[in-house]
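Chemist: Could you work out the structure for the sequence below:
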Amino acid sequence: MSLDVIMDAIMLGMIFAIMSFGVFISFRILNIPDLTIDGSFTTGCAASVICCVAGHPYLGILMAFIVGGVAGIVTGLLQTKGKIQPLLAGILTMTALYSVNLKIMAGKPNISTFGLTTIFTAFEGLGRYHKAVLIGLILVLLAVVLYAFLKTQLGMSLRATGDNEAMVRASSINSDMMKIMGLSLANAIVALGGGIFAQYQNFADVSGGIGMMVVGLASIIV
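Modeler: Next up, the predicted model:
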C-alpha cells in the first residue's frame, strides 16, 4: 500500500471526524438519534460547491455551517413544538432536504469543482500533503472550541438536558430551546464536514450523504 493511499484514508478519516463531532452532540449529549444528518451532510456539500463555483470557497464553508444549522432548527422545532417523535422528525427533515439540496444545486444531481479555487488552494505551498495540514488544523480548532463551549454555563445546560430533562425543567431551564440549539449545532457541524468533504473531493452529489449517520455512530462507538 503506497503512502498516498494511506494519507488519503487519514484525510478522509479527519473529515469524517469533524462530522462525528456533530453526531456526538445529538447522539451522546442530547441522547437523540437524529437522522437529519444524512440530509444535512449533503446540504453542506451543495452549499459549499455552489459558492466554490461562484469563486467564494471560504464563503462556501461558512454557508455550509449556516444551512446545516437551519436544518437542525427545523428538526428541533418538529420535535419540541410539533411533538413529533425524534426519529420521525429526523426522517421528515432528511426527506425534505433532498428537494432542498437539488434546489441549491440548480436541479443538477452532481456538480464538479475540478480546476476551481478551493480552501486548499492557498495551502499548496506547504507541500504534497497540504490538504492534510489544513484539515488537521480545522479538526483541532473545532475540538478545542467545542471543549471550551461544553464547559460554559450554556454548554453544561445542554449536557444536563440530555442527562436529565426533568431536572433541567425544574431548574427553570428551557429544555426545548436547549434541544433546538443542540440539534442546530450538531447539524451545522455535520454540514461543515460536508462542505470540507465536497471541496476535498472536488464534487458534490445529491445522494452523497447516504450512510453518514452510520459512519458517525461507528466513529463514536469506536
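Chemist: Now the closest residue to T118 other than its chain neighbours: phi and psi?
Modeler: Nearest non-adjacent residue to T118, counting by Cβ to Cβ, 6 or more residues apart in numbering: Q199, 4.2 Å away. Just so you know, the C-beta spots here come from the backbone N, C-alpha and C atoms, and that holds for glycine as well. Main-chain torsions, Q199, degrees, to the nearest 10: phi -70, psi -30.
Chemist: Pull the contacting residues for Q199.
Modeler: Q199 sits next to 48-49, 52, 57, 60-61, 113, 118-120 when contact means Cβ atoms under 8 Å, 6 or more residues apart in numbering.
Chemist: quick one: the closest residue in space to L77 that isn't next to it in sequence and S26, what's the gap?
Modeler: Once flanking residues are discounted, L77 sits nearest to I180: 6.5 Å by Cβ to Cβ, 6+ apart. Distance of I180 to S26, given as Cβ to Cβ, to the nearest Å: 12 Å.
Chemist: ok, these two, which is more surrounded?
Modeler: A direct count of neighbours by other Cβ atoms under 10 Å for I180 and S26 places S26 higher, at 30 against 20.
Chemist: dump the residue contacts of the more buried one.
Modeler: Here S26 is in contact with 32-34, 37, 182-183, 186-187 (Cβ under 8 Å, 6+ apart).
Chemist: Could you provide the contacts of Q199 in a markdown table, with additional columns for neighbour count?
Modeler: Putting the contacts of Q199 into a markdown table (neighbours: other Cβ atoms under 10 Å) gives the following:
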| residue | neighbour count |
| --- | --- |
| S48 | 33 |
| V49 | 31 |
| C52 | 25 |
| P57 | 22 |
| G60 | 28 |
| I61 | 24 |
| T113 | 20 |
| T118 | 22 |
| I119 | 20 |
| F120 | 19 |
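Chemist: count of neighbours near the nearest residue to E124 once chain neighbours are set aside?
Modeler: Leaving aside its sequence neighbours, E124 sits nearest to H130 (Cβ to Cβ, 6+ apart; 5.4 Å). H130: 15 surrounding residues under other Cβ under 10 Å.
Chemist: Quick check: H130 touching T118?
Modeler: No - using Cβ atoms under 8 Å, H130 makes no contact with T118, being 11.2 Å away.
Chemist: Now do the SS call for I119.
Modeler: coil (DSSP: H, G, I helix; E, B strand; the rest coil).
Chemist: Let me know the distance separating it from S207.
Modeler: 24 Å.
Chemist: just L92 next, same as before
Modeler: Distance from L92 to S207, by Cβ to Cβ: 18 Å.
Chemist: So for those two, which sits in the more crowded spot?
Modeler: Between L92 and S207, counted using other Cβ under 10 Å, the more crowded position is L92 (18 against 12).
Chemist: Residue ranges in the protein under the pLDDT threshold?
Modeler: Scanning the chain for pLDDT under 70 picks out 1.
Chemist: would you list every one of the strands in it?
Modeler: 110-112, 203-205 (DSSP state E).
Chemist: Which members of the contacts of S26 are classed as buried?
Modeler: Buried members of the contacts of S26, scored by 16 or more other Cβ atoms under 10 Å, are 32, 34, 37, 182-183, 186-187.
Chemist: Can you say which two of those residues are spatially most distant?
Modeler: Based on Cβ to Cβ, the longest span within those runs between I37 and G182 and measures 13.2 Å.
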